[in-house]
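K.L.:
A predicted structure for the sequence below; I have some questions about it.
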Amino acid sequence: MLWDIFCKVIDNHGDIGVCWRLAAQLASRGEKVRLWVDDASALAWMAPGGHPRVQVLPWVAGSAALEPGDAIVEAFGCELDLPFQALLAQKSRRQGRQPAWINLEYLTAEPFAERTHGLPSPVLAGPARGLTKHFFYPGFTARTGGLLREIDLLERQAHFDRTDWLRRQGLDPTAADRWVSLFCYEPASLDELLARWSQGPRRTALLVTAGRAAAAVRAATDRLGRGNAGWSRSARLSITYLPLLSHDDFDRLLWSCDLNFVRGEDSLVRALWAGRPLVWQLYPQDDLAHHDKLDAFLDWLDAPPSLRAFHAGWNGIAPHLPAAEPDLDAWAEALRAARLRLLAQGDLVTQLLRFAQAGASPSGPAQKNR
């Protein structure tokens, strides 16, 4: 089949990251993919090798003027240009059935994901009037579309050598008692966490990803250095600023660390597959909708109280982080159990393929999965 995936970049670590993983995983299963994106610059470091079965095309006004594929994916609510909708309608009339038209939604553990996964959305106006889209919700339960997961993921993890990867990054694997990755926005409690680690009983090596996380850490250490007499850049805390990492090396970073701080959607999924303790920072919303989203995720995770409390502090819901040292053993146990539950479910690409191949009708497989 030929897939058309449409993506508008809002956060180049998120939207395009998910869309590239989706495109590459479809291609790895023999599908042909055209990825239409308004800004593909991040792919230069995310996926420097590309994929021979994925064609990346610029999505600007009127550019998607090719014959539509067999399955169309609008990622995260982006809407097809009217000329492409007209071509889609023409193809549907010509072949007597429409291509699968899928609205791939954002990831959430909230109950509405199960309720609305697979529901039809009739097009009531415009050149595609009379056609039908279907909602496809990624998710954490069997009644959703599942999560992106490569076929060979477990095999690659089993053969991964943490010591070798750290050394290839110029790091001494024996230099710390605890390795921590940091991919975040600008959490208010970052200063508090860094100060605590600088005086803590364990040697912590903090590996900071490029971009907003690196800028946030630099700003935090500047503030601490100017105004906090308790701040100490001692051997208890080492900070390494990483270059931009490809998707493969970002996964290896997560596999190498004892604790992973992640943000958004794509990195959360990768941290879940890593199976290590994680802390998730959600994008803050003015209406505080991210509070409910976080609660739903922690409920699904069956997070222990200490992990819930840390998330509240890290996401600005509580004024401070918990005073106690993180209970990484309890956090790890919860993550291992969650990973096993996810591995027992169908992954997102498998479910999308089944849906598209069976035909996108209101009585199709996504409806039966409800």
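P.N.:
Ah, there it is.
K.L.:
Which strand or helix spans L35?
P.N.:
strand 32-37 (DSSP states H and E).
K.L.:
In the helix or strand that that strand is followed by, which residues are buried?
P.N.:
Next along the chain after strand 32-37, taking DSSP H and E as the criterion, comes helix 43-46. Neighbour-count burial for helix 43-46 flags 43, 46 (criterion: 16 or more other CB atoms under 10 Å). No exception for glycine: its C-beta is placed from N, CA and C like everyone else's.
K.L.:
What helices and strands are in contact with helix 43-46?
P.N.:
helix 15-28 (3 or more CB pairs under 8 Å, 6 or more residues apart in numbering; DSSP states H and E).
K.L.:
how big is the angle separating the helix it packs on from strand 32-37?
P.N.:
170 degrees (axes from the mean of the first three to the mean of the last three CA atoms, to 10 degrees).
K.L.:
Mind giving me the packing neighbours of helix 15-28?
P.N.:
strand 2-7, strand 32-37, helix 43-46, strand 54-58, strand 71-75, helix 247-256, helix 266-274, helix 348-358.
K.L.:
right, so of the ones you listed, which gets closest to L153?
P.N.:
helix 266-274 (6.1 Å; CB to CB).
K.L.:
Who are the packing partners of the closest one?
P.N.:
By 3+ CB pairs under 8 Å, 6+ apart, helix 266-274 packs against helix 15-28, helix 153-158, helix 247-256, strand 259-263, strand 278-281, helix 328-343.
K.L.:
Using TSV, lay out the ones you listed together with mean neighbour count and mean pLDDT.
P.N.:
Formatted as TSV, those follow (neighbours: other CB atoms under 10 Å; pLDDT from 0 to 100):
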stretch	mean neighbour count	mean pLDDT
helix 15-28	23	97
helix 153-158	12	97
helix 247-256	20	98
strand 259-263	24	98
strand 278-281	24	98
helix 328-343	15	97
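K.L.:
As TSV, those with distance to A71 would be great.
P.N.:
Formatted as TSV, those follow (distance: least, CB to CB, whole Å):
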stretch	distance to A71
helix 15-28	9
helix 153-158	23
helix 247-256	23
strand 259-263	29
strand 278-281	30
helix 328-343	24
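K.L.:
And the helices and strands packed on helix 15-28: which comes nearest A330?
P.N.:
Per CB to CB, nearest to A330 of these: helix 266-274, 16.7 Å.
K.L.:
ok, the residue nearest the centre of the chain to A309 distance?
P.N.:
Centroid check for the chain by CA atoms, centre = their mean gives D266 as the closest residue, at 0.9 Å. Taking CB to CB, to the nearest Å as the measure, D266 falls 26 Å from A309.
K.L.:
Show the pLDDT at G200.
P.N.:
pLDDT for G200: 87.
K.L.:
What count of nearby residues applies to the residue nearest to R149 when sequence neighbours are not counted?
P.N.:
Spatial nearest neighbour of R149, excluding adjacent residues (CB to CB, 6 or more residues apart in numbering): D347 at 4.1 Å. Neighbour count for D347, taken as other CB atoms under 10 Å: 20.
K.L.:
so what strands line up beside the strand holding L35?
P.N.:
Pairing partners of strand 32-37, with direction, according to DSSP bridges: strand 2-7 (parallel), strand 54-58 (parallel).
K.L.:
and for that strand, what are the contacting residues?
P.N.:
Strand 32-37 has contacts (CB atoms under 8 Å, 6 or more residues apart in numbering) with 1-9, 16, 19-20, 23, 26-27, 43, 51, 53-59, 63-64, 66, 69.
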